[in-house]
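Undergrad: From the sequence below, what's the structure:
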Amino acid sequence: MSENKLSAEPTLQEQPANTTPAVATQPSASEKPKRVGLELAEATFGPLLSPIPGTTADWQNYTLNRYKTIKEAKARNIFPRLKGYESPGSDDDDYDMRDGDEGIVVKNIRRRVRDIEKELGLEDKTLQKCVRVLKCDALLEEIDDPRTVDTLVRFYSPSAPVYIDVHLFYHSRSRLYNIEWSYSLGYRIHRRPSPTPADAAAIAKELNPGIQTMHTRNGWRSISWGLFDDSNGNYGPNWRRIEDGEVDLYEDAVLDIYEAIFGKPIESADPGNAEAEIERRRKLVRAVQLLLASVGVGYEIACDDEETDEGYPYGFGGGGPKKIRWTLEGLSDRWFARGVRKACGFQLKKDPEGEIKGKQERMEMAEAPEYEGGEFDDSDNEEPGCPSQ
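TA: Purely as a prediction, here's the structure:
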């Protein structure tokens, strides 16, 4: 991220009255007016991405907030070894074993955001430098397997005097008879930027403690949440995968996210132009994916009937560095991808049938104990449980 110092050049002073004709001279460097508003933002964090004019006050506050948040993070020694992005040339390398769990998550954030940059055809760092990690508490089972992660970031729009706070709480752990799994993902758009830096502790107090309601007050909105329900005695050898979860996004919310990121409303596709309609779908889906990427989550969402949804397989196979495997659905049904598509204003041919099968799968799994005649049956006198426990 560019960290140019804010301009502190003095403004032009009024010239004293003089009866003698003034001699035209070029102003000295110290007499040049200081940069303000959009000009200041461009000089400090540019190049910006087709920025909108906005108001001078909003751009000024945006710049102060972003600049001070960076300085505050440095003063508090938050991730001192991490520079905010990695060069594409390091993609063939795995994580540095000296990195702590938080460092691995932060690197994963950069790599996921870089994926979106490539899909949008943007220059390297265009979006990566817009992400500022405010808080990251992480505990990983393996280098690509998260146990408990609590991440808060601020994403600064590259096109408008707007920033978005994005928060992810995630937990997944295999026990003897059951699997603990829950997550909540939400965001808050700030359209009137404050000149004061981000305060992670104050932002955390805006959230609710419950998974379903974590992002439902103080301007926060939920993207999605999911969990295995362990209430009503659902534990022990008879534990069942009772999945509950929802995509809480809706169409107007996605349009707001897109406009907050790119500075202007998305254009409508020409009626009858199938190619333009699919491209519009991709733009909206990528806006949602960018919020996910800002907290390190990758999820491939199909935008036409020839594509497939890919969530959980992240981290297995392929070249380059490993990717953290986040579980956004507890069963095989891809309800997260289907819910995002619906919020983006479209569905695929497979979605109605997928929704019916997903509901049926939830019902069946909720009735069948996980280890009674199943994959981890103890009929061979072995201890039940997950082999990777």
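Undergrad: what ranges do the helices span in the stretch 101-250 of the chain?
TA: 101-120, 200-204 (DSSP state H, counting those that start in this stretch).
Undergrad: Next, format those as TSV and append distance to residue 217 and mean pLDDT.
TA: Yep, even glycine has a C-beta here, placed from its N, CA and C like the rest. Output for the helices of the stretch 101-250 of the chain, formatted as TSV (distance: least, Cβ to Cβ, whole Å; pLDDT from 0 to 100):
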stretch	distance to residue 217	mean pLDDT
helix 101-120	26	92
helix 200-204	13	95
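Undergrad: Tell me which of those sits most buried.
TA: helix 101-120 (a mean of 20; mean count of other Cβ atoms under 10 Å).
Undergrad: Figure out which of the helices of the stretch 101-250 of the chain is closest to residue 34.
TA: Residue 34 lies closest to helix 200-204 among those, at 30.3 Å (Cβ to Cβ).
Undergrad: and that closest one, how far out from the chain's middle?
TA: How far helix 200-204 lies from its chain's middle: 17 Å, per Cα atoms, centre = their mean, to the nearest Å.
Undergrad: same check, this time on stretch 295-309
TA: Using Cα atoms, centre = their mean, the offset of stretch 295-309 from its chain centre is 15 Å.
Undergrad: For it, buried residues please.
TA: 295, 296, 297, 298, 299, 300, 301, 302, 303, 309 (16 or more other Cβ atoms under 10 Å).
Undergrad: for stretch 232-248, same thing?
TA: Going by 16+ other Cβ under 10 Å, stretch 232-248 has these buried residues: 234, 239, 240, 241, 242, 243, 244, 245, 247, 248.
Undergrad: Now stretch 60-68: average pLDDT?
TA: Stretch 60-68 comes out with an average pLDDT of 97.
Undergrad: when you give positions from now on, start the count at 75
TA: Will do, 75 is the new start, and the previous item becomes stretch 134-142.
Undergrad: How about residues contacting that stretch?
TA: Under the criterion Cβ atoms under 8 Å, 6 or more residues apart in numbering, residues 77, 80, 110-111, 114-115, 118-119, 206, 230, 235-237, 266-272 lie in contact with stretch 134-142.
Undergrad: Buried ones among these?
TA: Buried among those (16+ other Cβ under 10 Å): 111, 114-115, 118-119, 206, 230, 235-237, 267, 271-272.
Undergrad: Compile the residues you listed into a markdown table and extend it with columns for pLDDT and distance to residue 283.
TA: Shown next, in a markdown table, are the buried ones among the contacts of stretch 134-142 (pLDDT from 0 to 100; distance: Cβ to Cβ, whole Å):
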| residue | pLDDT | distance to residue 283 |
| --- | --- | --- |
| 111 | 94 | 40 |
| 114 | 96 | 40 |
| 115 | 96 | 36 |
| 118 | 95 | 37 |
| 119 | 95 | 35 |
| 206 | 94 | 25 |
| 230 | 98 | 28 |
| 235 | 98 | 32 |
| 236 | 98 | 28 |
| 237 | 98 | 25 |
| 267 | 96 | 28 |
| 271 | 95 | 26 |
| 272 | 95 | 21 |
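Undergrad: any idea which of the residues you listed is closest to residue 396?
TA: Taking Cβ to Cβ as the measure, residue 396 lies nearest residue 206 of the buried ones among the contacts of stretch 134-142, at 24.4 Å.
Undergrad: Touching, that closest one and residue 238? I think so.
TA: No - here residue 206 does not reach residue 238: they are 11.1 Å apart, not a contact under Cβ atoms under 8 Å.
Undergrad: Residues that sit against both of those two, list them.
TA: With Cβ under 8 Å, 6+ apart, residue 206 and residue 238 have common neighbours 228, 229.
Undergrad: And the host helix or strand of residue 440, what does it pack against?
TA: Element membership of residue 440, judged by DSSP states H and E, is helix 425-441. Packing partners of helix 425-441 (3 or more Cβ pairs under 8 Å, 6 or more residues apart in numbering; DSSP states H and E): strand 317-321, helix 409-417.
Undergrad: quick one: low-confidence parts of this structure?
TA: 75-107, 150-172, 386-395, 445-463 (pLDDT under 70).
Undergrad: Return the residues in contact with residue 290.
TA: Residue 290 is in contact with 282, 296, counting by Cβ under 8 Å, 6+ apart.
Undergrad: My error: substitute residue 129 in the last question.
TA: Shown in contact with residue 129 (Cβ under 8 Å, 6+ apart): 111, 235.
Undergrad: Tell me how far it lies from residue 266.
TA: 10 Å (Cβ to Cβ, to the nearest Å).
Undergrad: do the same with residue 346
TA: Using Cβ to Cβ, we find residue 346 at a distance of 40 Å from residue 266.
Undergrad: Please name the nearest non-neighbouring residue to residue 197.
TA: residue 191 (7.5 Å; Cβ to Cβ, 6 or more residues apart in numbering).
Undergrad: scratch that, residue 444
TA: residue 313 (5.3 Å).
Undergrad: Same question for residue 301.
TA: Nearest one to residue 301, counting by Cβ to Cβ, 6+ apart, is residue 256 at 3.8 Å.
Undergrad: is it true that the one you found touches residue 245?
TA: Yes - with contacts counted by Cβ under 8 Å, residue 256 reaches residue 245, the gap being 5.2 Å.
Undergrad: Contact partners for the closest residue to residue 288 other than its chain neighbours?
TA: Leaving out its chain neighbours, the residue that sits closest to residue 288 by Cβ to Cβ, 6+ apart is residue 258, at 4.1 Å. When contacts are counted by Cβ under 8 Å, 6+ apart, residue 258 touches 241, 242, 243, 285, 286, 288, 289, 296, 298, 299.
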